[in-house]
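Enquirer: coords please:
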Amino acid sequence: MANERLRDAILRNGLTPVVVAERIGVDAKTVERWITQDRAPYPRHRHAIAAMVREDVPYLWPDAVTPEKASQIGQSEMVQLYSRRSSVPFDLWRRLIERATERIDVLAYAGLFLVEQDPRLIDVLRQKGVDGVTVNILLGDPTSPAIERKSVEEGTPGVMAAKIRQVQQYYKRLDDARGVKVLYHDTTLYNSIYRFDDEMLVNMHVLGFPAPHAPVMHLRKLNGGELFRTYSDSFDRVLGVSKPWPSNEVAA
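Expert: All right, here's what the predicted structure looks like:
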């Protein structure tokens, strides 16, 4: 059976088996066999090809990484664990945002702290879009039952919806920004996800605790790892069901 994922990734990046073979120092016929016979290259070649075509090793060769190995890599993907979000240094948030060159993803209910701790954030995001960075901001739908349930569980009925209405006033300034989307979801969040290229801050939600008092994982993507990819896939699923705020709705 042919490895269609590998074939597609090579072609999508404007490459050929011959070019790939030259870059990694193997015979072109060997690369052809990796494609047509779905043979797995040596690990060093797998990683070189994955980097070349900008895909994950497990995507190109699903059976090449054992669960044990993936678990080990996952442990290395965790850069730092913070006991609460309020312990994450402001400089880290700023550095991750400013260094992003491909994508900035935010999945939260409100995430009001981002705009409160950095008044320049909206302007920075606008410029990032101009520079070609894809920016996706996913906020909770303030009319969703999930939002009020979250507020009740934290002992502050109505507060979460109010925070979303407040943060809308900031993000409304990005309505015409190139490369920037502000969308709304009504999903139940188990984590708030903040992705900056291949680094990510995951704010885990804990029943009865506000997000600032819940743990945060700082992750960095590694080829063959599953931890970063798990949360990235989660973000993409929510992105797929998120929608623009109705034009006839006016934030209070």
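Enquirer: just the buried positions in stretch 179-196, please.
Expert: Buried residues in stretch 179-196, counted by 16 or more other CB atoms under 10 Å: 179-180, 182-187, 189, 191-196. All C-beta spots, glycine's among them, are computed from the backbone N, C-alpha and C.
Enquirer: quick one: find the helix or strand in this structure with the lowest mean pLDDT.
Expert: helix 67-77 (a mean of 69; mean pLDDT, DSSP states H and E).
Enquirer: so who does Ala48 touch?
Expert: 23-24 (CB atoms under 8 Å, 6 or more residues apart in numbering).
Enquirer: so what pLDDT did it get?
Expert: At Ala48, the model reports a pLDDT of 91.
Enquirer: and the next element down the chain from the helix or strand it falls within?
Expert: Assigned by DSSP states H and E, Ala48 falls within helix 43-53. Toward the C-terminal end, the helix or strand that comes next after helix 43-53 (DSSP H and E) is helix 57-60.
Enquirer: tell me the mean pLDDT over that next one?
Expert: Mean per-residue pLDDT for helix 57-60: 83.
Enquirer: got the contact list for it?
Expert: Residues outside helix 57-60 that contact it (CB under 8 Å, 6+ apart) are 3, 5-6, 9, 46-47, 49-50, 53, 64-65, 70, 223-224, 226, 229.
Enquirer: which element is the residue nearest to Val130 when sequence neighbours are not counted on?
Expert: In this structure, Val130 finds its nearest non-sequential neighbour in Arg178, 5.8 Å apart by CB to CB, 6 or more residues apart in numbering. Per DSSP H and E: Arg178 is located in neither a helix nor a strand.
Enquirer: Tyr109 versus Arg178, what's the distance?
Expert: From Arg178 across to Tyr109, the span is 26 Å (CB to CB, to the nearest Å).
Enquirer: with neighbour numbers in mind, choose between these two.
Expert: Using other CB atoms under 10 Å, the more surrounded residue of Arg178 and Tyr109 is Tyr109, with 26 against 12.
Enquirer: and the helix or strand where Asp91 lies, what's its mean pLDDT?
Expert: With secondary structure defined by DSSP H and E, Asp91 is part of helix 90-99. Averaging pLDDT along helix 90-99 gives 94.
Enquirer: who's in contact with Arg7?
Expert: So Arg7 contacts Ile35 (CB under 8 Å, 6+ apart).
Enquirer: which is the succeeding secondary structure element to the helix or strand that it is a member of?
Expert: Here Arg7 sits within helix 4-12, counting by DSSP H and E. Next in sequence after helix 4-12, counting helices and strands by DSSP H and E, comes helix 17-24.
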